[in-house]
Structures are given as C-alpha cells and as structure tokens.
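1. Got a sequence here, can you model it:
(chains A, B, C and D, ligands or ions: 4)
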Amino acid sequence: MAKKLSNKILKELHLRMVRIRRFEEEAGKMMENGKIPGALHLYVGQEAIASGVMQHLSELDQITSTHRGHGHLIAKGGEFSRMFAELYGKATGYCRGKGGSMHISNMDLGMLGANGIVGGGPPIAMGAAFSNKFRKTKQVAVAFFGDGASNEGSFHEAANMAALFKLPCVFVCENNGYGEYTPQANHQAVVDVADRAAGYGMPGVVVDGMDVIAVYEAAEEAIKRARAGDGPTLLECKTYRFYDHVGVRGMGLTYRTDEELEEWKKRDAIKGFEERLLQIGTLTQKAIDAVYANTNAEIEEAIQFAEDSPFPHPDELLEDVYSVRSEV
Amino acid sequence: MAKKLSNKILKELHLRMVRIRRFEEEAGKMMENGKIPGALHLYVGQEAIASGVMQHLSELDQITSTHRGHGHLIAKGGEFSRMFAELYGKATGYCRGKGGSMHISNMDLGMLGANGIVGGGPPIAMGAAFSNKFRKTKQVAVAFFGDGASNEGSFHEAANMAALFKLPCVFVCENNGYGEYTPQANHQAVVDVADRAAGYGMPGVVVDGMDVIAVYEAAEEAIKRARAGDGPTLLECKTYRFYDHVGVRGMGLTYRTDEELEEWKKRDAIKGFEERLLQIGTLTQKAIDAVYANTNAEIEEAIQFAEDSPFPHPDELLEDVYSVRSEV
Amino acid sequence: MSEAKEQKPRKLPYVAAITEGVRQVLIEQENAFVAGEDVGQAGSVFGYYQGLFDEFGKDRIIDTPISEKGIIGLGVGASATGCRPILDLMFMDFIGECMDEIANQMAKMRFMFGGAATLPVTVLTMAGAGINLAAQHSQSLEAWLAHLPGVKVVMPSNAYDAKGLIIAAARDDNPVFVVLNKMSLALQAEVPEEMYEVPIGKAEIVREGKDMTILAIGRMVHEALAAVEPLKELGVDAEVIDVRSIQPFDTDTAIESLRKTHRGLIVHEAVRFGGFGGEIAAQLQELAFDYLDAPIARVGAPFSPVPFSPALEKVYLPNAEAIVAEVRKTLGI
Amino acid sequence: MSEAKEQKPRKLPYVAAITEGVRQVLIEQENAFVAGEDVGQAGSVFGYYQGLFDEFGKDRIIDTPISEKGIIGLGVGASATGCRPILDLMFMDFIGECMDEIANQMAKMRFMFGGAATLPVTVLTMAGAGINLAAQHSQSLEAWLAHLPGVKVVMPSNAYDAKGLIIAAARDDNPVFVVLNKMSLALQAEVPEEMYEVPIGKAEIVREGKDMTILAIGRMVHEALAAVEPLKELGVDAEVIDVRSIQPFDTDTAIESLRKTHRGLIVHEAVRFGGFGGEIAAQLQELAFDYLDAPIARVGAPFSPVPFSPALEKVYLPNAEAIVAEVRKTLGI
Ligand SMILES: Cc1ncc(C[n+]2csc(CCOP(=O)(O)OP(=O)(O)O)c2C)c(N)n1
Ligand SMILES: Cc1ncc(C[n+]2csc(CCOP(=O)(O)OP(=O)(O)O)c2C)c(N)n1
Ligand SMILES: [Mg+2]
Ligand SMILES: [Mg+2]
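-> Numbering: from 1, shown residues only, chains lettered A, B, ... in the order given. Ligands and ions are numbered 1, 2, ... in the order given. Next comes the predicted model:
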C-alpha cells in the first residue's frame, strides 16, 4: 500500500480518523454527562470510511450523510467548535441549534446533511449529482448510507436514476452488520449489498472498511469514474461500530456478543494504521502523540466554545422556515 | 415442448389466451363507443404471461395485478359478465361499480386487485405470501408488475422482504419494453429486470413472454419453489403490448415505430401457438373456431348483461368505506 | 389580475397557459429544468409540456423512471445546489409515494440547517375527480401539504392564474406546489403573452356580493360562480373569492369580505372532513366572530374514496347545487 | 372507563399498558402478529414489546427490514387474506415513507373492491416532541390520517386508554392507527389486568366544568388538566375532554359540553395551521353556533418544523401556559 501513497496523504488519512474518533469519544462522554440532549449515533469504529472517501473530495463536492453523521462532516472539514455547539443546541452551531446531531450539516463544505431518515440521503445525493451534471461542473456527490438503509425504496430509486443518467455519484454503503439491533442476516438475504449494483447497471465493489487505504483506493476509482462522466459506483465497506446503535452503551441489549465486538476491535482501523505508519516510518510515536494532543486541545476548546455559547433566542424559532423570496 | 404437456393443458392455455384477447378487443371497442368511462389499459399482446402463470394457480392462490389487469383476472377465472359490468360502472360489477378497470378484483378468486398505483401490487402480494406462510397453508401469491414498476421503491422493499422471509411468492415482471411512453432504455440502465434478483438473494429468470409454453414452464418451477417453501423467484417475461398504453390507439404519440410493432406482432403468442397446436394435432381449425365462437357468444352475453344492469344507487356511495366491526 | 389581463384579449386554455408559463420560466432561468414521468417526448399525459422537449431538448426536459421518491429527491438535491427544478408529479394521488422526501427533506431542509439551504423548487401536480379515474387518480390532497411548514401551496382555478402562479412559484426561492385540476384543462381565459406573476398568498374576489362570502378552492370557483344565480333567486347576493393560495392563506381578504357579508361558506373538492376548509372556517369564526350572522358553512366531498362509476362520481363531487343546498341549510331558507 | 378502571388499583405505566394490550390480543387472536423494525428481540426502541418475542417467538413477533412500504404492504396483503396484523411504524415521522401504501391501498382497498375485502389491521406509531429528537422524529401527523376515508385514528393520552384502544383497534375489522406519545411512556394509570376495550369514536370528559370546554388530543390532555387551576384563578371553570378518537370524531360529546359552557378551545400538539383542530373548530361553530359566547379557540404548535435545541423546543411545544394565554385572549380577560 504505502508505496503508492505520499506521506502527506497517509498523514492526512490518519489525522482525519483520529479527529473523528476523538470527537466521537468526547461527544459520547458529553452526552452521558447530560450536556448533549437528543439522540447521538456515534461513528466510532467506522472512521476509515469517511476518511478514505473524503480524502478525494474537495469542498465543492457534495456528500449526504446519515443519522450517524459526525464523522462525515469532520472528514469533510467540519469545525469542532461549531459541531459541538450544534450538538449542544446552541445558536453558534452549524444549524443555529435547529438541527442537532441528526441534521448536522454545512452547505459551504458541501455537506448536505446528516439525516434522521434512514435512506434519506441517496435521493438527495443523486439530485446533487444531477445538478453537477446539469451545471456542467466537475463536482461529485457521494451518498453514505448503512446496510439497513439499502433496503429502503429510496436507495433503489436513487441508484436506478443515478445509473440511468450516468450521474457523477458514488453510493458508499457502510455495512456495519446491523440496522439498529437487527443483524444483516435478519434484514436481507444477501451478504454483499454490492450485489445490488448489477441490477442498476453500475459496478459494485466490496472493500474492507477497517482498512483506510483499501477504502481510499476503491473510493479513488469510483470518484474518478464519476468525475469522468462514467456514472455511479456502489462501494460497500465492511465495517463495525464499536459503540451501541445510539449513544455509547445504548439500551443494554444483547443483540451482539462481546466476542464479536472484541474480534472487530482487533481490527480497529486507527490502531492498525498507526502500527503500519510507525513501521514504514511515516509517523513517529511522538508525531502520533502530537496528533492526539492537538486534537484533544481542539476538542477541549470546542467544548468550551459550545458551553459558552448562547442558546438560540425564542424569536429564532420562526426564522428559516422559508426563504424570503428573491427575484431571479 | 408439446411432448411433455397434455392436450388438456395445451387447450386450457389456448383458451385462456383467446378469452383474454377477445375480451380486451371488445372492451377496447366499447370504450371507443363511449360505453366504458375512465381509463382502460388493455392487455392485448401479453396474454401468454397471465395464461402461462395462472395455469399453475388455484383459486386459493393469490395474485396482485396492475393497471393492466383484465387479463390477470380472466386467467384467474373472472366472469366476463361481472367484469364488463364493472368496466361499465354498474352495480352488478365485481366491485359494485366502485373500482372500474383500474381496481377490478375478486377476492373469492384470489385476485387482490388491479392497481392504479404502479408498483402497488408487489408489497401486497408479499403480504399475502406472508399470510400464507403464517397460516401454514400451501397457497402461493404472485405479483404481476411491469418493467416500469421495477423502478419503484415498493418493488424493492417487497422483493427484499420476500427473499428474506423465504415467502411463497413469485414476482412476475411483464417487460413490454415501455413504461407509458418511455422505452426501457430511458428508465433503467439494465436490459434484464431479472438482473435485480441476485441483489435480493433470489433466482432471476428471463423468459420469452410471447411463448406461452416457455412462460408455463418457467412459472411452474418458480411456483413449485415457492410452494415448497424455498422462497421467491423473479420471473421476467419479455413481451409487447399491441395496443397503446391506454385505450386502443391512445394519444397518437410516436414513441414507438410501426415497424417495431409489426415485428412483435409476427410473434403474436396466440397465432403462433395455434399454428403449433394445429401442427401437432391438439386442435383442429374447427375446434379453434369453436373456441372463438364460444368466447364471442359469452362476450356478447356479458356485454348485454352489463348494458342491462343498473347503475349503483347514490346511497351506495357511503357503503364499503368501513367494515361494520365484528367481534373476534 | 386586472391590468395585465386586459391588455391583450388573447384566450388560452388552462393546459396551454401551463405550457407557456413553464416555457417562459425555462427561457428566463438557465438553471431551470423540468423532470418527471413522460414529461419529455410525450409532453406529459395531460399534454401541458407539449413542444418543450423539441424546444429545450432532453437535457432540460427530463424523462425520469417511474420513481416518485427519486423525482422529489432529484429536486431536493438539485435545488439545494444551484438548480431551479420544476418537478412533475403527474397525478396528485401519487404524492404518498414521495411524502417522506417532501415532508422530511424538501420542506424541512432549510429549517434544519438553520437557514443555510435554499430550495427553489416547483412541483406541478394534477388533482381532482370528474372523469371516472376512480379512487387512485382523482384525489385532492392539498390539506396534507398545507399542514407542512416549509412548503407553499397554490391551486389555480383558471388559465390566467395557472400561468401566473407557475411563474411566481418558479421565481420563489421556496418549494412551491402548484396543484392543477384535470377538469379545467380546456377552460379558456385571457392570458397575456408576456411573463407575469400572480402573487402567492393572495386570494382574488372574482364576484362581488353583499350577503355571503363564498371561498372556493381550485375548480370549485366555477361551481361557486354557477351558484350565484340560483342564490340570487333565493335572495342571497354572493361574493365569490378564489382562494388561489392555501399556504400562505390570505386571511385578510377573507375577513374583510366577511365584515361586509356576515356569512361565509367554503367550498373545496377535497373530502370535507379534515380538509383545508376546516382551517379556513376555524380562522374565520375566530377572527370575525362578532360579524357573523350564521356559522361558517363548508362544502366538500363526502367521507369516502372517489368512486369509479359515473353514477356515483356525480353524487360524490361537490357542485353548484350542493353549494346552494348548503347555503339554504345554513341560513335556514 | 369508570367501572373496569376502579376494580383493581393496579398501576401501570403507559409503556407497559401497551405491552399488555398487545400481549392479550396475541393470546386472543391466533392470526394476530406484530411486524416492524426491531420489534423482536429488541422489543421496540420504545420498549413496549419487551418480553413478547420470548413469549410468542419469532413467527409472531417479526423483525422486518427497514422498509416502511414493505411493512404496510405486508399488513395490507396479510390482513386481506386472513391475518390480523399489528404493524409497528416506530416514529410517526416515517409515515411519509409508506403513505401511498396507507392511503391508496390500505384505506381504499375495501371500497374499491365494493366491500369484498376486509382489512383488520392495526398500526402503532409514536408521535410527539419533547425530548430533542428534532424535526424528523417529533411530529404529530394525525391530521393526514384523519382526512383519509377508510382508516380510523385514535390517540390515547394515558395508560388505561392505551391498552383499551389497542384492544379495540385489534378487534376492529378496519385499519386503525393508534398514535402513541413518547413523552407519556412513563405515565402511570390504573389499568385492569383483564382485557377491556375503550370504544373507538368516544371522547371522554376527564374533568367537568361549566365555563369552557377544552378539547385536548393525546398528551395535551395533561397540559389541559394542568391549566385547570390557573384558569380557575381567572374565574374560568374548565371542562376538559380527552378527544381520544379523531376518526371517528365524537362530535356529540363535544357539542353537548359546549351547550353547557358556551365556550370552546381545542389543543393539540400538531402544528396548528391545517391541524385537526381546524376540523373540530369548524364543526363546533357550525353545530353550536347559537350557544357560543366566544369563538372556538385553538392551541397548537407554531408553523415551523420541530426544532432541536431545548431552548427552542420548549417554546415550540404547546403547554398549559399557552392554553391559559389563549383562553385569556379569546375571552378578553
Ligand atoms: C425511514 C426510517 N426508518 C426507521 C428509522 C429508525 N432507525 C434509525 S437508525 C436505524 C438503523 C439504520 O441502520 P443502517 O442503515 O445500517 O445504519 P447504521 O445505524 O448501522 O449506521 C433505524 C431503523 C429511521 N430513522 N428512518
Ligand atoms: C405510482 C405511480 N406513478 C405513475 C403512474 C402513472 N402510470 C400509469 S401506468 C404507467 C406505466 C407503467 O409502466 P409498466 O410498469 O412498464 O407497465 P405497463 O403499462 O407497461 O404495462 C405509469 C407511469 C401511476 N399510475 N402510479
Ligand atoms: Mg448498519
Ligand atoms: Mg411496461
């Protein structure tokens, strides 16, 4: 792997993953401390996917995310401070406190929203890709969605249209083996979601979602293909979430075993990657420590920012429902 | 072919097809004569499919149909008189005049309705199949739907659930190459809808929908599989409609060429089948003529029945919205 | 509507007014396109895009698969990223296929994102019964949309308004639903050739009267007008208001009229129970309580799906007779 | 509710009353089953099927894929062919995903088939805001269903009604939606152990009063009750009616109360504009016009999606204070 990739890219991939991991860990704590209201679906364990894919995207490219969306926004360039502020429901958040975790977004970064609706993203990403093609830009739109979401009609319709119109679109299925508490085998009769691609006339690719380089390389091809006008790809990344469906420890259900979790944790995308980077000399332990230290400092600051920020004023409730009409 | 099949079956297949063809031709005329209100989507050209599939079903088995549903009901045993009465909007119709062509149905025959909603049928058929399995009967449910319908999310969700639950269900795609006025190539990037089957974990089979024996044989296997508890099959039948999307001559659009129509008419399922039956001696020309004569007489009577029947009384409007509650 | 309307005495049917409105928008807005099922070469099953495919080509008049969720999704994603889509939902009855994309994405994206997203998207869709298309091709479901913060909803009753509201909708930076009526496609009206807007959120008094305010929605405006003569014979001089926009609803025009007439009646083709008439009646009795000489009356379809049989559909559909009967009942005359 | 309720002073929370109702139905009706997302081993994300999977097994407590169209389709097909499904739609906000299956198939099949199909299907779904779940997990969309001939809709405000309405719904031979409320899950009430029905279509007077009728829907019943004291201090003796069933709606109980109180107010958590309160207000002012001393008032959520921030959600949600304020405004006190 590392042969092909520059140190710069390797370091960036690492940084993205660490930023996500640390953000999520702290967000989980803040939730448990009662600081963050609502429901928090954390991305811990799946960092390689957002990081590997987003490495190929600029701020002009668009993504749609899921209920588990922090990682996507961070990898797309989201600022911790405005993210924490949003999770806190503060006026300084990315959505002025109106969206929260499930709708966190930033249009300037091309992040078209986390989504509380499972399967909500793919049609929107398809629409953004349509827009890119229509406006003759070179932008690409990527839809992230889960294994569970692949059973929604919205995915089907979006995939069919994207393939039909040869849109600059990539469908990234983060298959973490569960939709909430239901294992994949209980929600679909196939092992690989990627098997659905052929039915739409697009390539389907399965990749190890715990290997950031594998994701990076597969995403590269899919995104190149999209950008070249050759149409969408369905890229399935096999992964696992280390936390529960919602929150850290969730509802305490026994739908998966400790052994299974431990097995997957052995394949932790970050730990494994760090070992390889140390091995090939891209990063020293000191450099790695510095990454964490910097990230931690940034998080601390961001949390402080969120804590210090004001809640939205009641009058803001009725703002943003409509755009004030502008003449064309 | 004919070696395996008894004369009885061959004759029944022929009769079913002729009954559908003649019914539809007359219905088209009655519509053009202003006798039948509303929209009529005729099945002329596709008769081999309903006939070949229904040959394997009893009245206990269920089917869901489409907006193009007369053929399915006829093949399932529908009476011309009550069908024409329904098309006329008469009180003696199968739906007491409330449904019309797009909702024609008969629960006693296991015909769970034509459907005005494209893609409306598959989830209902899946539900009936679920019920069959739940109630431990040996009934099978068959969903008929078009190439266009295969792009609806409802098909996707129904197919996934049927495969997951191994339901006694068959998905019969009648691919006539068009969804309304849009050719298949403009609504999906695949040539075979059957390619979608693999993505759900069920077999996908392509068959010549103009060959009633081919349909019969493929349906036999799929229905056997379903009845044996081995789950659903996606059976795609390539076919063509000889009339326009709606009515006989439709809106006069030029979305398909006369040549294409003529090409397909050469493969008319009924004419070809009759030639073969004559050849192998299953039917004489006289016998064939008698089939038409009997069918025509029945149609004439049915139309008379429809003409003579009363319209529903205005008070019937508010009946049938709710069932009067019955204690369990 | 007065001025522009009188300049040129050119008459157009409702269907052609739609075409012209969409066409002018496509010329004016380079990032506008039309997407929907059979909107292209077929020109829509209702014929209102006839000619646009030839004029603008397949890149701007886009035939989609039969995928209502996809169509709305396309519009959400495209409008949020620089396009101004005109989506076609064919029959309004199909709205249930994509209600999530409408209600949870299109309507809420701007709000959920704290105002950062703007969705200039227009949706045309065809409502109404009257031609025996039965329960799944005849509904008037505007009440669902009116209850949905984040979208606007207009219902043109005539060709002039159809064109003007489509243009206003396409220029609006919000999702706007233009709910058309299939029985009105051939209805003629004077329609100026130039572009003009009919303001969203403004009702129009189409006939002045002093005894009773009839607020009619969509095609029911014509039934209300047809009731004017028979009502006159009963001694009731009716004022007829074309509601035109149900979200925003023009409360002011309605209240002002009621102050004069002291009696009100609402007519819509949708099922009466739970229909938008309830909202209007609730507002009117609240805001004009002291002026009312009679309860606000409502005419709407009975509580049943739309029946197929001509014999039943006739009974089902609200009409001038039903309006007169309701007035008599309400006023006890 | 009186008799059965007083027999046994056993208290149950709303969540457990749901479980018990569903459980007893499953015992009574051998062709009943529960199907939905994570209803099985997980016992629903709201916990109200806890234990049923262990008791009834995977053949009767069925985990489905995330496929709302599929779930409703399953219920339509299964109920039309001899089963009595109890479907779980999790958050009511997801109803848009399957609105076609609900509105065009489930609600209309019987009518379209001339009465030949019977669909004894129950749908449980969770509405309401209050725990910062933001715009897509907090809605109250009962107005959409109430406008839909062919389905019934009930909204239990307490544990007793939750159990009794679920049993009534499951025994009813029509599609019935039981709209639950997530803020009420822990609310305790006396709940008899035996099976009982709360009749669908009957409102309940939960507090008698003589000056004003407050018709409250779902959780708002508790807010209305909380407003009773402050209203008393203002000299208003409020009668509080728990609407319970919005389709059919119990017009009689409401009108009878109004005849006594001469003033009415409706409270629901749904967006006020276009909400079911409009239908109620329209009916009341029509049928009780001569008794009314003040316009029928309405309290509902403002015209916006549900905001995430606790600071805004608090403002968004109708409550006792808002009720008192509305009464003061309406009565000018
Ligand atoms: C339309 C819809 N149905 C159901 C839900 C409830 N829900 C939230 S997350 C989730 C599981 C999603 O599974 P998957 O797509 O695999 O994503 P993951 O949580 O595993 O990341 C479900 C069922 C929802 N939010 N939206
Ligand atoms: C949900 C929905 N969308 C659109 C339509 C309009 N419509 C009626 S028939 C039809 C074409 C269906 O094509 P296909 O499924 O291939 O069936 P065919 O007509 O070819 O038999 C369309 C788009 C509809 N009735 N329902
Ligand atoms: Mg998952
Ligand atoms: Mg077709």
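2. buried stuff in stretch A:266-280?
-> Residues A:Arg267, A:Asp268, A:Ala269, A:Ile270, A:Phe273, A:Glu274, A:Arg276, A:Leu277 are the ones in stretch A:266-280 that count as buried (16 or more other Cβ atoms under 10 Å in any protein chain shown). C-beta coordinates here come from the backbone N, C-alpha and C atoms, glycine included.
3. cool, stretch C:21-38 as well?
-> Residues of stretch C:21-38 classed as buried under the neighbour-count rule (16+ other Cβ under 10 Å) are C:21-26, C:29, C:31-38.
4. ok, those residues vs B:Asp315, which is closest?
-> The shortest distance between B:Asp315 and any of the buried residues of stretch C:21-38, using Cβ to Cβ, involves C:Glu37 and amounts to 37.8 Å.
5. which residues touch the closest one?
-> The contact partners of C:Glu37, by Cβ atoms under 8 Å, 6 or more residues apart in numbering or on different chains, come to B:Gly179, B:Glu180, B:Thr182, C:Asp63, C:Thr64, C:Pro65, C:Ile66, C:Ile71, C:Asp88, C:Met90.
6. which one of those has the most neighbours?
-> For the contacts of C:Glu37, counting by other Cβ atoms under 10 Å in any protein chain shown, the largest number of neighbours falls to C:Ile71: 31 neighbours.
7. For that one, give its distance to B:Gln188.
-> 15 Å (Cβ to Cβ, to the nearest Å).
8. Please apply the same query to A:Arg68.
-> Computed with Cβ to Cβ, the distance linking A:Arg68 and B:Gln188 is 30 Å.
9. now A:Val190
-> As it turns out, when the distance is counted by Cβ to Cβ, A:Val190 lies 20 Å from B:Gln188.
10. do the same with A:Asn186
-> Between A:Asn186 and B:Gln188 the distance, using Cβ to Cβ, works out to 29 Å.
11. Could you list the low-pLDDT ranges of the chain?
-> Because you didn't say which chain, this covers chain A. When residues are selected by pLDDT under 70, those of chain A lie in A:1-3, A:325-328.
12. switch to chain C, that's the one I care about
-> Using pLDDT under 70 as the threshold, the predicted model of chain C has low-confidence ranges C:1-8.
13. again, only using 90
-> Counting by pLDDT under 90, chain C has low-confidence residues at C:1-9.
14. need the contact list for the closest residue to A:Glu32 other than its chain neighbours.
-> In space, and not counting its chain neighbours, A:Glu32 is closest to A:Val248: 6.3 Å by Cβ to Cβ, 6 or more residues apart in numbering or on different chains. The neighbourhood of A:Val248, defined by Cβ under 8 Å, 6+ apart, consists of A:Gly28, A:Lys29, A:Met31, A:Glu32, A:Leu42.
15. which residue ranges form the helices in the stretch 201-328 of chain A?
-> For the stretch 201-328 of chain A, the helices defined by DSSP state H, counting those that start in this stretch occupy A:212-227, A:258-265, A:269-280, A:285-308.
16. centre of the chain versus the shortest one, how much separation?
-> Computed by Cα atoms, centre = their mean, to the nearest Å, the separation of helix A:258-265 from the middle of its chain amounts to 22 Å.
17. If anything else comes up later, I'll come back, but that's it for now.
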